[in-house]
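*Asks:* Structure for this input, please:
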Amino acid sequence: MARVSERVPQAASVNPGVIEIEDPSVFMRVVAISDVHGMYAPLLGLLSAGKVTNANGDWIAGSTLLIVIGDSIDKGPQSLEVLNLWTKLQEQSAKAGGRLVHLLGNHEAEFLADPKNDKKASELLDELRAQKIPVSDLTSFTTPRGSFLHAEPLALKVGNWLFFHSGFYPEMDWNLFVGQARTVLSAADYGNDFMIGKDSVLEKKDWEKDEALLATELSSMDAIGVYGIAFGHQPEAFHVAGRSAAKANGRLIKIDNGMAPEAGSHPGSLLVFTSPAQLKLKKYPDVQVVLPGGSIRKLVPE
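*Replies:* Down below sits the predicted model:
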């Protein structure tokens with residue numbers, strides 16, 4: 001497949017690197033989803049089932065905080081429609097007293113680092129070609145979709161919970177981590193090893209299956225004062241496929257349900273923290289999973 005040869009624009013970014021929300025009680029709910037991977041129709045169904053949007057894809061969730069933990073693009077057939085939906089909902093949620101925060105996934109970062117490389121972005125590049133849209137529509141800092149992608153932070157801290165793509169936090173002081181994220185993303189340095197190195201917070205895999213690395217993770221969380229982490233990236237994290245799961249006494253929640261075709265085209269789910277104020281506590285909060293069709297189950301640590 002031919003590559004699309006367009007230069008990545010170099011410019012300063014307003015990306016904060018990390019967003020911190022100290023008081024989650026200002027929101028009526030905290031809802032999270034990850035790894036949609038261009039699966040637009042199932043996404044619409046999930047958001048409607050969770051009363052985040054109506055059937056037309058418009059925001060109806062009031063003061064809900066919606067967190068997208070990366071990887072909205074690639075693999076599936078409708079990445080552009082997914083991005084259009086997120087940009088619309090970001091604006092609508094703000095007007096309603098809510099908020100949408102879309103975090104970087106490795107697919108967004110890798111694309112912005114090298115948009116000419118179709119190794120992972122072939123479906124996305126095919127979409128652009130089919131619709132006669134230049135790659136610069138996604139890489140520019142001034143287009144709606146491009147500015148949305150460039151504004152995606154690396155991590156979101158809500159109370160004592162941390163949300164980011166791979167879930168593996170480096171052995172790093174919190175302030176140093178925040179500063180490094182801000183420096184790298186303000187320079188739009190998406191190819192930096194801090195972002196997409198094999199052991200980075202966007203790329204690291206299988207850490208949760210290694211007892212030593214899992215112990216390191218929990219120790220790092222204690223050191224920075226974080227009780228829980230919710231993450232995507234691995235559809236079979238903890239050897240659990242096709243659904244979300246809470247592990248390590250509920251301190252780690254995997255929410256990549258494998259919506260991508262190569263991961264099984266599972267229908268996905270929404271993770272819902274029903275009492276946001278509990279995210280400031282050092283104990284497992286009330287968490288629900290919303291499934292397609294609107295059925296709800298309590299997420300109990302395994």
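
*Asks:* give me the low-pLDDT residue ranges for the stretch 1-150 of the chain?
*Replies:* For the stretch 1-150 of the chain, applying pLDDT under 70 flags the ranges 1-13.

*Asks:* all helices for it, in order.
*Replies:* 40-49, 79-95, 106-113, 118-130, 136-139, 144-150 (DSSP state H, counting those that start in this stretch).

*Asks:* Ok, which of the ones you listed comes nearest Glu208?
*Replies:* helix 106-113 (16.4 Å; CB to CB). C-betas here are computed from N, CA, C, even on glycine.

*Asks:* ok now that closest one, how far from the chain's centre?
*Replies:* 13 Å (CA atoms, centre = their mean, to the nearest Å).

*Asks:* thinking again about what came up before, return the most buried member of the helices of the stretch 1-150 of the chain.
*Replies:* helix 106-113 (a mean of 23; mean count of other CB atoms under 10 Å).

*Asks:* Tell me which residues touch the residue lying closest to His165 once chain neighbours are set aside, please.
*Replies:* If the residues on either side of it in the chain are set aside, His165 comes closest to Gly70, at 4.0 Å by CB to CB, 6 or more residues apart in numbering. By CB atoms under 8 Å, 6 or more residues apart in numbering, the contact set of Gly70 is 34-35, 102-108, 152, 164-165, 202, 232-233.

*Asks:* nearest spatial neighbour of Pro285, skipping sequence neighbours?
*Replies:* Pro285's closest residue in space is Gln278 (CB to CB, 6+ apart), at 3.7 Å.

*Asks:* Pretty sure Leu271 sits in a strand.
*Replies:* Yes. Remark: Leu271 belongs to a strand, assigned using DSSP: H, G, I helix; E, B strand; the rest coil.

*Asks:* State the pLDDT value of it.
*Replies:* Predicted confidence (pLDDT) for Leu271: 99.

*Asks:* Please give me every residue in contact with it.
*Replies:* So Leu271 contacts 31-33, 230, 244, 253, 255, 287-289, 299 (CB under 8 Å, 6+ apart).

*Asks:* Can you list the low-confidence ranges for the stretch 201-302 of the chain?
*Replies:* In the stretch 201-302 of the chain, no residues with pLDDT under 70.

*Asks:* Val68 against Val36, yeah?
*Replies:* Yes. Contact status for Val68 versus Val36: in contact at 7.5 Å, counting by CB atoms under 8 Å.

*Asks:* Neighbour count for these two, which is higher?
*Replies:* Under the neighbour definition other CB atoms under 10 Å, Val68 and Val36 were set side by side, and Val36 has more, 30 against 26.

*Asks:* so how far is Leu299 from that one?
*Replies:* From Val36 over to Leu299 the distance is 19 Å, taken as CB to CB, to the nearest Å.

*Asks:* if we can go back for a sec, adding distance to Lys209, write the helices of the stretch 1-150 of the chain out as CSV.
*Replies:* Listed next are the helices of the stretch 1-150 of the chain as CSV, based on distance: least, CB to CB, whole Å:
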stretch, distance to Lys209
helix 40-49, 27
helix 79-95, 29
helix 106-113, 18
helix 118-130, 23
helix 136-139, 34
helix 144-150, 31
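
*Asks:* Between those helices, which one is closest to Glu217.
*Replies:* helix 106-113 (18.1 Å).

*Asks:* what does the closest one contact?
*Replies:* 8, 37, 70-75, 117, 120-121, 124, 138-139, 149-150, 152, 165-166, 188, 190-191, 195-196, 202-203, 233.

*Asks:* so where do the helices sit in the stretch 151-300 of the chain?
*Replies:* 174-186, 193-196, 211-223.

*Asks:* who wins for proximity to Pro16 among those helices?
*Replies:* helix 174-186 (6.2 Å).
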